[in-house]
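K.L.:
Please find the sequence and the predicted model below.
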Amino acid sequence: MASVYPKIKNRGFVYHLHPPLVPQNVLKFTHTWGLGGSALVLVLMQIISGILLLFAYSPTPEAAYPSIVALQQEMLFGKLIRNLHHWGANFLVFVVFFHMLRVFFTGAYNSRRKVNWWIGLGLFLCVLISNFTGYLLPLDQLSFWAITICTAMFEYIPLIGTMIQKIIIGGTEIGKATLSNFFAIHVALVPMCLAILMPFHFWQIRKAKGVINPSSAEGKIHKVSSVPQLVTREAAMALVMIAALFLFSVLFDAPLADKANPGLSPNPTKAPWYFSGLQELLQHFHPLVAVFVIPFFTVSCLICLPYLKFEKADGGIWFLSENGRRMGIMSAITALVIAPVMIVLSEYVINISKIVPGVPPVVINGVIPAVLTVVFLFGFYQVMKQKFAATAEEGVQAVFIFLLVCFVVLTITGVWFRGPGMELVWLWD
Ligand code: HEM
Ligand code: HEM
């Protein structure tokens, strides 16, 4: 029987990325359309702007800072290129994070997309490591002290923490060896990992027969040619992304503080914004819990996620169901109320050492808050499940949304509401 679809003869490079025919509904612009593609565009922009920066940058403690100043003041478009690299890196964290949430909330990590979820986690790690290692390179006060406190966090990882810390900074304090380590990881190791993982990621999408699509369950669906329909839309989205990055970089300069001074720490000393949530956790929990137990538990859950058996696997339905969406909104509102209240209580009111004197700090700030948190989360899961007559998956999703919003509140608090001595302050103070 003759095919109802148009015949496509010229199979070029594009057909490595897309099948010749795609379901018509993937062309529809939605609020999360093209997040993965935008991440790709940003990574390519980082590589181009990074290579241009290499023409000016000198990776030695004496020359790094002056080379950035010279780049900004003496070189044609030097400031713009640095701005593009700086803001592109920040945009990338946002875009990849939202792409990951899109994948999570449409259940696109199940069965045949399992491997791609893990590759995605690897990509996310690469993006974080690039940001972290790049942060040190200008070697100004901001970057030197942010990296100092972040690398100090490794000490709290039991048994191997100090060893990891020594390997990363190449000794006992941030210096020449740290800069060479970070530089090599930043311009060689991570780009190489990205270059391996990204094609693998795209191949897996082809292998899974395209992105997740609820209409695939509805039998025969109308298909259109990916060239030019899909490709022109993608090109338009890429151009919008590039234009937005250029506009932002023209309007806002990347920060550059004074040259790093190891003898004078700024007050407050803050981690880069994407690690602010972690730094904020340190204000409320024992370091062992904040830096090791919680991140270890989070990463383990993310890795194990595809093993959860979902009833409606592969459906591509947002938030599992309409019920799941309502529960999500409820969880987010609960977190928006509880998280700030707990931050204030933990800062000013709750002092278990006064209530129960003589108890070791690891019990006061570690064991007790951790146990209370687990008990609360379990209770929250049960209450939500009963109130909404929900499935186990919808209950787990509600808890996840609750934790996610708490983490966002912690990050915002760390970035905007912490002042000298890491005291809580109003944004306008
Ligand atoms: C995912 C990819 C990448 C990310 C997220 C990233 C991120 C960053 C960040 C956040 C900085 C600090 C910017 C600042 O505030 O000054 C930086 C600096 C730098 N990056 Fe990258 N980068 C990436 C890829 C690359 C590549 C591929 C190269 C070169 C081959 C490169 C070369 C540089 C250089 C030379 C600097 C120092 C100049 C400066 O600090 O402005 N980067 N990077
Ligand atoms: C540099 C980072 C990344 C790039 C460039 C990238 C790129 C892409 C692209 C272009 C797509 C197809 C279109 C779309 O769904 O938007 C995609 C799909 C996918 N990505 Fe990523 N991604 C990145 C990070 C991640 C992360 C952090 C995860 C999750 C941990 C992830 C998991 C997935 C999965 C499971 C799919 C298939 C989704 C589906 O079939 O609906 N990716 N990615």
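P.N.:
Good, I have the coordinates. Residues are numbered from 1 along each chain as shown. Ligands and ions are numbered 1, 2, ... in the order given.
K.L.:
Check the secondary structure at the residue of the stretch 51-200 of the chain found nearest ligand 1 for me.
P.N.:
Going by Cβ to the nearest ligand atom, ligand 1 is nearest to Gly134 of the stretch 51-200 of the chain, at 2.4 Å. All C-beta atoms are positioned from the backbone trio N, CA, C, and that covers glycine. The three-state label given to Gly134 by DSSP: H, G, I helix; E, B strand; the rest coil is helix.
K.L.:
Tell me how many other residues surround it.
P.N.:
23 (other Cβ atoms under 10 Å).
K.L.:
Residues of the protein that sit close to ligand 2?
P.N.:
With Cβ under 6 Å from any ligand atom as the criterion, the chain comes near ligand 2 at residues 35-37, 39-40, 43, 96, 99-100, 103, 108-109, 113, 116-117, 120-121, 123-124, 127, 198, 201, 205, 208, 211-212.
K.L.:
Where helices are concerned, which of those count?
P.N.:
Mapping the residues of the chain next to ligand 2 onto helices (DSSP state H) picks out 35-37, 39-40, 43, 96, 99-100, 103, 116-117, 120-121, 123-124, 127, 198, 201, 205.
K.L.:
State whether Ala177 and Lys166 are indeed in contact, as I suppose.
P.N.:
No: with contact defined as Cβ atoms under 8 Å, Ala177 does not reach Lys166; the gap is 10.1 Å.
K.L.:
Give the residue spans of the stretch 151-300 of the chain that score low on pLDDT.
P.N.:
Along the stretch 151-300 of the chain, the model assigns pLDDT under 70 to residues 214-220.
K.L.:
all strands of it, in order?
P.N.:
According to DSSP state E, counting those that start in this stretch, the stretch 151-300 of the chain carries its strands in the segments 223-225.
K.L.:
Helices of that one, residue ranges please.
P.N.:
Using DSSP state H, counting those that start in this stretch, the helices of the stretch 151-300 of the chain run over 161-169, 176-184, 190-207, 231-251, 276-284, 287, 294-304.
K.L.:
Show me what the shortest one packs onto, helices and strands only.
P.N.:
Contact here means 3 or more Cβ pairs under 8 Å, 6 or more residues apart in numbering; DSSP states H and E; on that basis helix 287 packs against no helix or strand.
K.L.:
ok, and what's touching that helix?
P.N.:
153, 156 (Cβ atoms under 8 Å, 6 or more residues apart in numbering).
K.L.:
and what of the fourth one?
P.N.:
Applying Cβ under 8 Å, 6+ apart, the external contacts of helix 231-251 come out as 14, 18, 27, 29, 33-34, 37-38, 41-42, 45, 80, 83-84, 86-88, 91.
K.L.:
and with 10 Å instead?
P.N.:
With contacts defined as Cβ atoms under 10 Å, 6 or more residues apart in numbering, helix 231-251 is touched by 14, 17-18, 26-29, 33-35, 37-42, 44-45, 49, 79-88, 90-92, 95, 225-226, 228.
K.L.:
which parts of the stretch 51-200 of the chain sit against ligand 1?
P.N.:
Near ligand 1, when you scan the stretch 51-200 of the chain using Cβ under 6 Å from any ligand atom, you find 51, 53-54, 57, 68, 82, 85-86, 89, 92, 127, 130-131, 134-135, 137-138, 186-187, 191.
K.L.:
On the three-state scheme, Leu71 is what?
P.N.:
The three-state label given to Leu71 by three-state DSSP is helix.
K.L.:
Please report how far it lies from Leu128.
P.N.:
From Leu71 across to Leu128, the span is 25 Å (Cβ to Cβ, to the nearest Å).
K.L.:
Comparing these two, which residue is more hemmed in?
P.N.:
For Leu71 against Leu128, the residue with the higher neighbour count under other Cβ under 10 Å is Leu71, and the figures read 20 against 17.
K.L.:
what helix or strand does the residue nearest to Val399 when sequence neighbours are not counted sit in?
P.N.:
Nearest residue to Val399, sequence neighbours excluded (Cβ to Cβ, 6 or more residues apart in numbering): Tyr381, at 5.2 Å. Under the criterion of DSSP states H and E, Tyr381 resides in helix 368-387.
K.L.:
same question for whichever helix or strand comes after that helix, mean pLDDT?
P.N.:
Sequence order places helix 392-416 as the next helix or strand after helix 368-387, per DSSP H and E. The pLDDT scores in helix 392-416 average 95.
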